[in-house]
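>>> curious how this folds, go ahead:
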Amino acid sequence: MQPRQASTVLTRRNFLQAGSAAALSVLYRPVFAARKHYDVIVVGAGLAGLQAGRKLYQHGVDFLLLEGSERVGGRVFTFDDLPGRPEAGGTQVGTNYRALNQALTELNITTTNIRPGAPGMTLLVNGHLSSLEKWTGSPGNLLPEALKDTPPYGLLPKLLRNGSFLSGPLDWWKPEFSAMDIPLQAYLKQMGADDEAIRLVDANLNGESVGTLSALDLLRKLAVLQAAGAPQDINGGTQRLPDAMYASINTAVVTGKQVTAINAADTGIKLFTADADSYTCRLCLVALPFSVLRRLDIQAPLSPLKQQAIRHMGYTPVTHVFIKPKSPFWLADGLSPNMWTDTDLGRIFTQTDEQGEVIRLRAWIQGPAAQRVDGIPEHELGEHIVSLLEQARPVAKSKLEVERVMSWGKNPFANGAFSHYLAGGVGQFSRDVSRPEGLLHFIGAHTEPSASGMEAAVKSGVRGAQEVINRLS
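Below you'll find the model as predicted:
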């Protein structure tokens with residue numbers, strides 16, 4: 001099929017300006033449902049897929065965006081129906097995030113300073129509860145003398161200071177850093193960490209475990225964060241970004257269309273969906289996390305290294321339990337409602353209202369702890385976490401109410417919250433993750449080595465769209 005003529009593009013854009021996005025969505029979806037062939041199909045309506053769709057639309061490309069779930073945004077998810085609109089996914093915007101901030105500007109979305117939670121921190125380690133101020137002398141503090149004064153959440157940065165840092169994220173490809181592509185556990189031992197320090201690092205790790213996470217990938221992410229700038233929140237919630245992206249291209253987006261198979265030949269691509277539907281296209285932009293992509297039936301000439309990347313890219317399981325405090329129980333025991341624990345509670349963060357009052361607790365459980373709690377049925381998990389919190393803080397008994405449970409590890413459209421490289425993966429296939437394979441192009445946060453999170457997702461969408469535009473030209 002030839003690229004769409006300019007007159008068609010202008011007609012569609014004029015029509016977009018003439019009515020509401022909702023009305024147009026109803027008008028256009030039956031038309032798109034009837035069509036089965038496009039120049040480009042984008043699979044996945046997270047930030048990467050939506051941004052790619054925006055760029056394709058702006059260039060007049062004939063495209064369709066298929067999303068398996070009934071919502072857009074991927075791992076960006078604001079619970080708009082709860083007071084205070086808590087975030088279950090991506091949140092903060094670095095002031096130096098160029099691609100993300102440009103998209104926000106284009107869509108007239110503003111940011112604001114982060115609203116602080118309640119002050120202080122309570123530590124629950126080895127069964128003992130203590131304030132941050134009394135951590136050094138706590139019976140639960142089994143760290144060696146050199147680390148006694150370091151709170152658990154400060155252990156990783158302190159230990160890493162004994163090693164090398166990357167001046168920029170792309171330094172991870174320099175030969176002198178290749179020896180760091182080893183399990184974080186082994187690297188921390190090289191930095192002088194004992195077993196207890198390593199255990200506490202593992203308790204709330206952004207990764208599957210210290211035994212599998214590549215230390216080099218962790219150092220790359222630290223280099224990215226160092227250049228990110230001051231963090232900001234999006235006014236009205238992070239969901240405003242994917243919603244605005246969708247509104248600008250909604251006539252080309254179909255939700256509830258889960259792609260289950262990709263058959264790519266030299267002359268074109270055929271996509272099959274879970275509802276026994278199928279589509280064809282000249283080029284395909286795959287915006288799915290590899291944790292999801294590896295479940296698809298892919299009949300395509302993928303290189304061995306790309307196959308290895310899809311099979312072995314790591315994804316951190318993250319589970320959130322949102323809890324409403326019926327009263328400020330923490331005033332009774334004199335400890336902060338914020339908590340860092342080495343239990344299945346993970347970490348407890350507070351959300352405040354405009355007056356600074358705590359309106360919500362969030363148990364943020366990730367890494368090994370999330371793998372454990374994800375084995376509990378979702379309808380029981382919230383009460384399990386409340387029970388653990390009541391055991392740790394008896395003054396909270398009967399003063400907690402579960403609002404929502406969100407597991408990214410169990411979400412079939414994510415299968416994890418953050419991508420990471422397992423030990424050895426950086427050296428083996430990191431250069432091949434974003435490389436096109438025949439008629440397939442790959443985007444998503446996991447494909448951008450110089451960025452991470454929402455910035456990486458948006459940046460990859462721009463790159464992927466330009467790749468296919470160049471090929472169509």
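>>> grab the nearest non-local neighbour of Gly39.
No Gly there; residue 39 is Asp. Spatial nearest neighbour of Asp39, excluding adjacent residues (Cβ to Cβ, 6 or more residues apart in numbering): Asp62 at 4.2 Å. Just so you know, the C-beta spots here come from the backbone N, C-alpha and C atoms, and that holds for glycine as well.
>>> correction: the previous question concerned Ala197.
Using Cβ to Cβ, 6+ apart, the nearest residue to Ala197 is Leu155, at 5.3 Å.
>>> what does Thr212 give?
Nearest non-adjacent residue to Thr212, counting by Cβ to Cβ, 6+ apart: Leu422, 5.0 Å away.
>>> for beta bridges, what are the partners of the one you found?
Leu422 has these beta-bridge partners by DSSP bridges: Leu213.
>>> how much space separates Val373 from Ile114?
In this view, Val373 and Ile114 are 27 Å apart by Cβ to Cβ, to the nearest Å.
>>> the more surrounded of those two?
Using other Cβ atoms under 10 Å as the criterion, Val373 and Ile114 rank with Val373 on top: 22 against 13.
>>> OK, contacts around the more buried one?
For Val373, the contacting residues are Thr319, Asp344, Ile365, Leu381, His384, Ile385, by Cβ atoms under 8 Å, 6 or more residues apart in numbering.
>>> per-residue pLDDT, the fourth one?
In other words, Leu381. As predicted, Leu381 sits at a pLDDT of 97.
>>> surely Lys459 touches Asn101?
No: counting by Cβ atoms under 8 Å, Lys459 does not reach Asn101; the two are 11.2 Å apart.
>>> okay, these two: which has more neighbours?
Using other Cβ under 10 Å as the criterion, Lys459 and Asn101 rank with Lys459 on top: 26 against 19.
>>> any idea which element the more buried one lies in?
If you go by DSSP states H and E, Lys459 is part of helix 453-472.
>>> what packs against that helix?
When contacts are defined as 3 or more Cβ pairs under 8 Å, 6 or more residues apart in numbering; DSSP states H and E, helix 453-472 sits against strand 37-43, helix 47-58, helix 98-106, strand 278-286, strand 440-442.
>>> can you redo the ones you listed as JSON lines with distance to Thr150?
Below are the helices and strands packed on helix 453-472 laid out as JSON lines (distance: least, Cβ to Cβ, whole Å):
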{"stretch": "strand 37-43", "distance to Thr150": "45"}
{"stretch": "helix 47-58", "distance to Thr150": "36"}
{"stretch": "helix 98-106", "distance to Thr150": "33"}
{"stretch": "strand 278-286", "distance to Thr150": "43"}
{"stretch": "strand 440-442", "distance to Thr150": "40"}
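>>> deepest of these, which one?
Highest mean neighbour count of the helices and strands packed on helix 453-472: helix 47-58, a mean of 27 (counted as mean count of other Cβ atoms under 10 Å).
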